[in-house]
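In: Let me see the structure of the following:
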Amino acid sequence: MRFLGVMLMTILLAFGSPALAQAAADGPHLAMRLVAESERPRAGQPVTLAIETRPEAGWHGYWSNPGDAGFPASFGWTLPTGVTAAAADWPVPETLVVAGLMNYVYERPYAPLVALTVPAGLANGTALPIRLTLKYLVCTRTVCVPEEQTLATTLTVGDGAITPATRARFDAWRRAIPRPLAQTATWAVTDGALRVAVPYPADAALSEAYLFPAATGSIEPAAAQTVERVGDRVIVTTKGTPTAPFAAVLRIGAGQGLAITARPGAVPGTAGGGGWVVAALVAFAGAVLGGLILNVMPCVFPILSLKALSLARANTGEREARREALAYAGGVVLVCLALGAIILGLRAGGATIGWAFQLQDPRVVVVLLLLAVAISLNLSGLFEVPMPRWAGGAGASKGVGGAFATGALAAFVATPCSGPFMGAALGAALVLPVPAALAVFGGLGLGLALPFLLLGFVPALRQRMPKPGAWMGRLRRILSVPMWLTALALAWVLGRQAGVEGMTLGLAAALLAGLGLWIGGRRQMAGLGLGWAMLPVIASLGAVAVVRPVPAGAATATAGDAFSESRLAALRAEGRPVFAYFTADWCLTCKVNEKAAIERSGVQAAFARNKVAVLVGDWTDGDPVLGRFIERHNRAGVPLYLYYAPGAAAPRVLPQVLTPAMLEGLGR
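Out: Numbers count the residues shown, from 1 in each chain. Model prediction:
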């Protein structure tokens, strides 16, 4: 992979000459300055130099190990006689995946630190001219430019005084340098997986954990990493082929890390036992509870209710009821497993996606809109076939086939929703071994299917259901209301993603489908089948092929400033409390929280009174930068709510269901 990255970089530099020439003409793209901790270093003592670096917007520099592509910076020192420069200490980098290649980069300001040794015996006032020539690579996501800069400063031997402002700046830069870990980490290869055990106190905070190899040949940069805690060890499982002790940096928080040396040795918590098994069980339980709660969502509840009533109305025997319940559960679980497998597969290929990823595509939203309109018309009594086979209407077919299709439909229309327990459970699934991760997604389906399973296997529950009668037709029409609301919400989402033109196209397709279903219903009343009336329904699917998203950023949030990590860092540097929330137009839970809590006048007044800055991350279009940030907080998608107290090392993750009182207390 390292060879492939170098080859791709070579091709880019060789054949991208027009873009490269323009980019080079506009350079340099890393603003650099040589800063001394003391302008008057004491003879016989070291002095630290910082290479203060600020990447131009959209550009990034590389860590000492660039990862799958790029090359590290080279340092050419010109120093006075007797003065020596140590190797640079680099701050903890960030990860960036481009075209499937993992890069270790800096997209924000950073400062490598270099210790200079000043020889003893120099008289005060002796000038020390320092000159550094740096050759490095700087890139955007589409073009790379090799650059060269010469930095210079002159120091004067003196008393080693450091001003308070300079000391504060260097203290901040040093906090970003990985701290040496006194204890030795161990590594072992088990069943083809590299497992690294890093000593780390069990009660110490850990977030955004990631293991960066200090050099090539030990860890495959593009390989996925899973992290678990087993007692006083952090266990990182990934792919690699080390043959001896190797150095690495373990990120333990935003801009914080430990410099480790890993030697061959025993690794606790091996597969088949240990921390990840417990984590998998907890995540599975959370997924079951989260799936159970999804049943009360407006897009799922009507389907579940009518399927349950049809089971009671049919007066089926025990065996048939159980078979239908198992078939319904099979449809639900299969869809959840399929979505989970797709998510895990795409993430393994370098994509940054999470739950409900398919709703980031307006074409999928069009399909859901047409489906919601068809179900709503069916519930309203406009037609009976074929939707009753799926939605459980009056003409629904009995047997396992209809139950399976109903379960699959319920799971598919539930994907825009998220609720309590789901976020943490699915976030955990993304760092578990694949079999355990799929079990968590299966647990979500099991929770979604649980009410109907209980009805099928517990006769007493079926006996408590009301007896069939004319009221069932009225209830069916009442239940069409939440489905119409679901269709309305999907039309709004489509408008946000594809603009007014896209929403108009989707509504026109819904009108065409509705016309066909109305004609089909009239034919049914005459004793005929749907027949040619299905042609307008099929034609409505043409909207899927032509709808397109509006350019990214066309829709902006209004409840706060747009989120960026640089903006977050600036606010935290000012000592401001920060409430950051991550949302999407297709996330029902997000929108409920925004209207019921975040955007309430009392909450906004409390934020203003307590000087709480609000940052909004809009993930509607699946922004990969936001996706990586969400992932670092162990979430598979939105909503995500974070509160950064002034001076706190890590944010507090708030529940997925917010209340005004909870938010009004922030910043006090």
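
In: SS state for Leu137?
Out: strand (DSSP: H, G, I helix; E, B strand; the rest coil).

In: Could you tell me the model confidence score at it?
Out: At Leu137, the pLDDT value in this model is 93.

In: Quick check: the gap between the closest residue in space to it that isn't next to it in sequence and Leu96.
Out: Closest residue in space to Leu137, ignoring its immediate chain neighbours: Gly70 at 5.1 Å, by Cβ to Cβ, 6 or more residues apart in numbering. For the C-beta atoms, the positions are set from N, CA and C on the backbone; glycine is no exception. Applying Cβ to Cβ, to the nearest Å, the value for Gly70 to Leu96 is 10 Å.

In: any common contacting residues for these two?
Out: Asn103, Val105 (Cβ atoms under 8 Å, 6 or more residues apart in numbering).

In: a strand runs through Trp63, doesn't it?
Out: Yes. Checked against three-state DSSP, Trp63 lies within a strand.

In: hang on, isn't it packed against Ala88?
Out: No. Contact criterion Cβ atoms under 8 Å: Trp63 and Ala88 do not qualify, at 10.6 Å.

In: Neighbour count: these two, which is higher?
Out: Shown here are Trp63 and Ala88; by other Cβ atoms under 10 Å, Trp63 has more neighbours (24 against 18).

In: residues in contact with that one?
Out: Residues counted as contacts of Trp63 (Cβ under 8 Å, 6+ apart) are Pro72, Trp90, Pro93, Tyr104, Val105, Tyr106, Phe212.

In: 10 Å - rerun?
Out: Counting by Cβ atoms under 10 Å, 6 or more residues apart in numbering, Trp63 makes contact with 70, 72-73, 90-95, 103-106, 110, 112, 212, 214, 249.

In: Can you tell me how far the residue nearest to Leu137 is from Trp63?
Out: To Trp63, Gly70 is 9 Å away according to Cβ to Cβ.

In: shared neighbours of the two, which are they?
Out: Common contact partners of Gly70 and Trp63 (Cβ under 10 Å, 6+ apart): Asn103, Tyr104, Val105.

In: any chance of those in CSV, with neighbour count, distance to Glu39 and secondary structure too?
Out: Output for the shared contacts of Gly70 and Trp63, formatted as CSV (neighbours: other Cβ atoms under 10 Å; distance: Cβ to Cβ, whole Å; DSSP: H, G, I helix; E, B strand; the rest coil):
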residue, neighbour count, distance to Glu39, secondary structure
Asn103, 23, 36, strand
Tyr104, 26, 33, strand
Val105, 24, 31, strand
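
In: and of these, the nearest to Ile51?
Out: Set against Ile51, the nearest of the shared contacts of Gly70 and Trp63 by Cβ to Cβ is Val105 (15.8 Å).

In: partners of the closest one in the sheet?
Out: Tyr62, Glu94 (DSSP bridges).

In: Pull the contacting residues for it.
Out: Val105 makes contact with 55, 59-63, 66-67, 69-70, 93-96, 98, 138-139, according to Cβ under 10 Å, 6+ apart.

In: Now with 8 Å, please.
Out: Neighbours of Val105 in contact, by Cβ under 8 Å, 6+ apart: His60, Gly61, Tyr62, Trp63, Pro66, Gly67, Gly70, Pro93, Glu94, Thr95, Leu96, Cys139.

In: Show me which of those residues has the smallest pLDDT value.
Out: Lowest pLDDT within those is found at Gly70 (82).

In: Tell me the spacing between that residue and Thr142.
Out: Taking Cβ to Cβ as the measure, Gly70 falls 14 Å from Thr142.

In: I'd assumed Arg141 was in contact with Trp59.
Out: No. Counting by Cβ under 8 Å, Arg141 is not a contact partner of Trp59; they are 9.6 Å apart.

In: got any ranges where the stretch 351-500 of the chain has weak pLDDT?
Out: 351-358, 385-399, 415-425, 427-433, 466, 468-469 (pLDDT under 70).

In: ok, back up a step: and Gly70 and Leu96? Which one has more around it.
Out: Between Gly70 and Leu96, counting by other Cβ under 10 Å, Gly70 is the more crowded of the two (24 against 21).

In: For that one, give its distance to Thr241.
Out: Going from Gly70 to Thr241 by Cβ to Cβ gives 21 Å.

In: again with Gly44
Out: Separation of Gly44 from Thr241 (Cβ to Cβ) stands at 45 Å.

In: likewise Asp623?
Out: Per Cβ to Cβ, Asp623 is found 34 Å from Thr241.

In: When these two are compared, which one has more neighbours?
Out: For Asp623 versus Thr241, neighbours defined as other Cβ under 10 Å are more numerous around Asp623 (20 against 10).

In: hey, which helix or strand in the protein has the poorest pLDDT?
Out: helix 388-391 (a mean of 42; mean pLDDT, DSSP states H and E).

In: Name the next helix or strand downstream of that helix, please.
Out: Sequence-wise, the next helix or strand downstream of helix 388-391 (DSSP states H and E) is helix 400-413.

In: thought Arg108 was touching Glu565?
Out: Yes. Using Cβ under 8 Å, Arg108 is in contact with Glu565, at 6.6 Å.

In: thinking again about what came up before, looking at Trp59 and Arg141, which is more packed in?
Out: Trp59 (21 against 14).

In: Give the full set of residues in contact with Ala545.
Out: Per Cβ under 8 Å, 6+ apart, neighbours of Ala545: Arg363.

In: in stretch 245-253, what's buried?
Out: Residues Phe246, Ala248, Val249, Leu250, Arg251, Ile252, Gly253 are the ones in stretch 245-253 that count as buried (16 or more other Cβ atoms under 10 Å).

In: Can you flag which of the residues you listed belong to strands?
Out: Phe246, Ala248, Val249, Leu250, Arg251, Ile252, Gly253 (DSSP state E).

In: same for the lengthiest helix in the chain, what does it pack against?
Out: Counting residues, the longest helix found in the chain (DSSP state H) is helix 471-525. Applying 3 or more Cβ pairs under 8 Å, 6 or more residues apart in numbering; DSSP states H and E, we find helix 471-525 packed against helix 301-314, helix 362-379, helix 534-540, helix 542-546.

In: go with 10 Å
Out: In terms of contacts (3 or more Cβ pairs under 10 Å, 6 or more residues apart in numbering; DSSP states H and E), helix 471-525 is packed against helix 301-314, helix 362-379, helix 388-391, helix 400-413, helix 534-540, helix 542-546, helix 588-593.

In: now the farthest one out in this protein, which residue is it?
Out: Ala123 (57.5 Å; Cα atoms, centre = their mean).
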